[in-house]
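Asks: quick one, structure for this:
(one chain, ligands or ions: 2)
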Amino acid sequence: MRFHLEGRLVLSGDISKAASDIPAFIEEANATVLVKGAPAGKGARVGLFNVKGDTLEVTIDSDEFVRSHDALVRLAKLFGQRFGRKLAVGVRRVEADNYLIEMELEREPLQLARIPFVETLRFDGKRCTVTFGKLDEKFLSEKYVDRILTLIKDKVNAQHYAGKSEHWEQVFRSPERPALTDQDPTALLEKEGWIRRGASRGQWIFGPEMTRLFRTFERIVERELLEPLGFQEMIFPKLEPFSVWERSGHAKGIYPEVYYVCPPKSRDPAFWEEVIDHYRITNEVPLEKIRDRLDLPVGGMTYAQCPALWTFFQGRTIANDRMPIRVFDRSGTSHRYESGGLHGIERVDEFHRMELVWLGTRQQTVETATALAEGYRRIFEAFLELDWRMARVTPWFMAQERLVGDADQSEIGTTDYEGRLPYRKGTAEEWLEFQNVSVNGTKYPRGFTVKLQSGEPLWSGCSGIGLERWAAVFVAQKGMDSAAWPAGVRGPYGGTPRGIRFL
Ligand code: SER
Ligand code: ZN
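Replies: Ligands and ions are numbered 1, 2, ... in the order given. Down below sits the predicted model:
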């Protein structure tokens, strides 16, 4: 890598009179702070310099070890130490006028990438040249440059992954079980009146018969899994502010799928009077007038469900005697703006999920995931009697952060549970992901600064049980005659309730 920066220290006073001290100062900097931490001959170096009233102009060339922008900040610090007292002059700020960086990429880009803040971006094979114009202190001192270089590398790598499917590797397949129907479950459920479309996009209203099925699934999960493993119920918040997504990593990528939440700019009725009057006169909700009265979004509605829990642990050290922690939440909906992908109850904008979260040492975390996997297998085999399979896939947080790459080969990663949809036989959508189990490593404890009393690294995992997805797979395979369902579901379901009848 090669960095060439033209910048300056802007000082609190004129140093023309002390100009003769500057060459020795630069020499000192070149021999000390600008090479500190770099292999011999690979540090940063001030080449040209010039005193101009209250500024010290410099050019700095460097390799990757002490990058020129870091070198400029180090130079400013040394200036303060050498001259602050002596001349009663300090450094007000550092700035750059031009900055040129050359780096080698792992792979040739397939197309140009667009990057904010960059003045020019050129590719010559694997060689990438980036230039910047004027840069301020915040930009130079707060790692913007480093993050831009990482972003360029990530975007170029992503071009090579684009179109390739995510990592997927089957690890278990149930015995093939003949289905009792080959119909689309949503169509069946709608026809029988167990569900009706909600007024909002990708939203359903579940009637008594369907709700009983959801609760039956929950009860099976509670008895077979949560109670034996000691999972305790909690209530996680359902509005996730950006501060949570910054820590969870979602701030890196979920924007296209978020249902944003905006508070009003004011709750003064007078501020809203025109909106209210407008509606009363026209019988139309004046959307633009509302938009004008909304503040910026504070975040969005629950997306991955577990991130909002972590504020509970944030900045704390958990007592050894409470390890491992096993909790779950089923207190509300999750929301994703699914765009064109909407389909029946299988892909919806509003869905219901039991979210299990566990924390512990690495070993405890992996053990919990293994115990859950055992429990799920028993439920799908002995209770729901599904035709299903399991696959190792790209970890859910990598997919949601739009990070590319393969699932980690170690214990960190996601296992998806997929059920066969007989009505989709022979298509790419024959298998539906209806649940996952993930070991997330130290990602969340690090993101939310949570520690373990023993000092061992804290790990965590989570597992989402999508009730609509369970129901879609179950009804797609077992149909709607509850008397014909497998005993493990038929029993706790206790017969189809009367439901609601229309004329
Ligand atoms: N939080 C995980 C996800 O969003 C598991 O539910 O997939
Ligand atoms: Zn989760």
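Asks: helix or strand: which one has the residue in the stretch 1-150 of the chain that ligand 1 sits nearest to?
Replies: In the stretch 1-150 of the chain, the residue that lies nearest ligand 1 is residue 150 (24.7 Å; CB to the nearest ligand atom). C-betas here are computed from N, CA, C, even on glycine. Using DSSP states H and E, residue 150 falls within helix 144-161.
Asks: list the buried ones in that helix?
Replies: Neighbour-count burial for helix 144-161 flags 144, 145, 148, 149, 152, 153, 154, 155, 156, 157, 159 (criterion: 16 or more other CB atoms under 10 Å).
Asks: which residue is the nearest non-sequential neighbour of residue 327?
Replies: residue 234 (4.7 Å; CB to CB, 6 or more residues apart in numbering).
Asks: let me know how buried the one you found is, in neighbour terms.
Replies: 15 (other CB atoms under 10 Å).
Asks: contact partners for it?
Replies: By CB atoms under 8 Å, 6 or more residues apart in numbering, residue 234 lies in contact with 309, 312, 327, 328, 329.
Asks: at 10 Å what do you get?
Replies: 309, 312, 325, 327, 328, 329, 330, 331, 355, 357 (CB atoms under 10 Å, 6 or more residues apart in numbering).
Asks: distance check, the first one against ligand 2.
Replies: To ligand 2, residue 309 is 9 Å away according to CB to the ion, to the nearest Å.
Asks: next, the residue nearest to that residue when sequence neighbours are not counted: secondary structure please.
Replies: Nearest residue to residue 309 in three dimensions, chain neighbours excluded: residue 236, at 4.6 Å (CB to CB, 6+ apart). Put simply, residue 236 is coil when judged by DSSP: H, G, I helix; E, B strand; the rest coil.
Asks: could you tell me the per-residue confidence at the residue positioned nearest the centre of the chain?
Replies: With distances taken as CA atoms, centre = their mean, the residue of the chain nearest its centroid is residue 250 (2.3 Å). Among the per-residue scores, residue 250 shows a pLDDT of 96.
Asks: now stretch 6-13: buried residues?
Replies: Buried-residue list, stretch 6-13, by 16+ other CB under 10 Å: 6, 7, 8, 9, 11.
Asks: the second one contacts residue 69, correct?
Replies: Yes - Residue 7 lies in contact with residue 69 (CB atoms under 10 Å); the separation is 8.1 Å.
Asks: neighbours around residue 172, how many?
Replies: As a burial measure, residue 172 scores 12 neighbours (other CB under 10 Å).
Asks: tell me if it really is in a strand.
Replies: Yes - counting by three-state DSSP, residue 172 is found in a strand.
Asks: for it, give me its contacts.
Replies: With contacts defined as CB under 10 Å, 6+ apart, residue 172 is in contact with 373, 377, 388, 389, 390, 391, 415, 417.
Asks: residue 196 now?
Replies: Contact analysis of residue 196 by CB under 10 Å, 6+ apart lists 189, 190, 204, 205, 206, 207, 210, 500, 502.
Asks: kindly report the same for residue 479.
Replies: Residue 479 touches 179, 180, 181, 182, 183, 185, 188, 485, counting by CB under 10 Å, 6+ apart.
Asks: before we move on, the earlier item: overlap in contacts, residue 7 and residue 69.
Replies: 60, 94, 96, 99, 135, 140.
Asks: would TSV of those residues with neighbour count, distance to residue 381 and secondary structure be doable?
Replies: Formatted as TSV, the shared contacts of residue 7 and residue 69 follow (neighbours: other CB atoms under 10 Å; distance: CB to CB, whole Å; DSSP: H, G, I helix; E, B strand; the rest coil):
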residue	neighbour count	distance to residue 381	secondary structure
60	29	66	strand
94	24	65	strand
96	23	64	strand
99	24	61	strand
135	22	61	strand
140	25	60	helix
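Asks: could I get the residues you listed as CSV with distance to ligand 1 and pLDDT?
Replies: Formatted as CSV, those follow (distance: CB to the nearest ligand atom, whole Å; pLDDT from 0 to 100):
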residue, distance to ligand 1, pLDDT
60, 45, 98
94, 42, 98
96, 41, 98
99, 39, 98
135, 38, 97
140, 37, 97
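Asks: and those residues, which is closest to ligand 2?
Replies: residue 140 (37.4 Å; CB to the ion).
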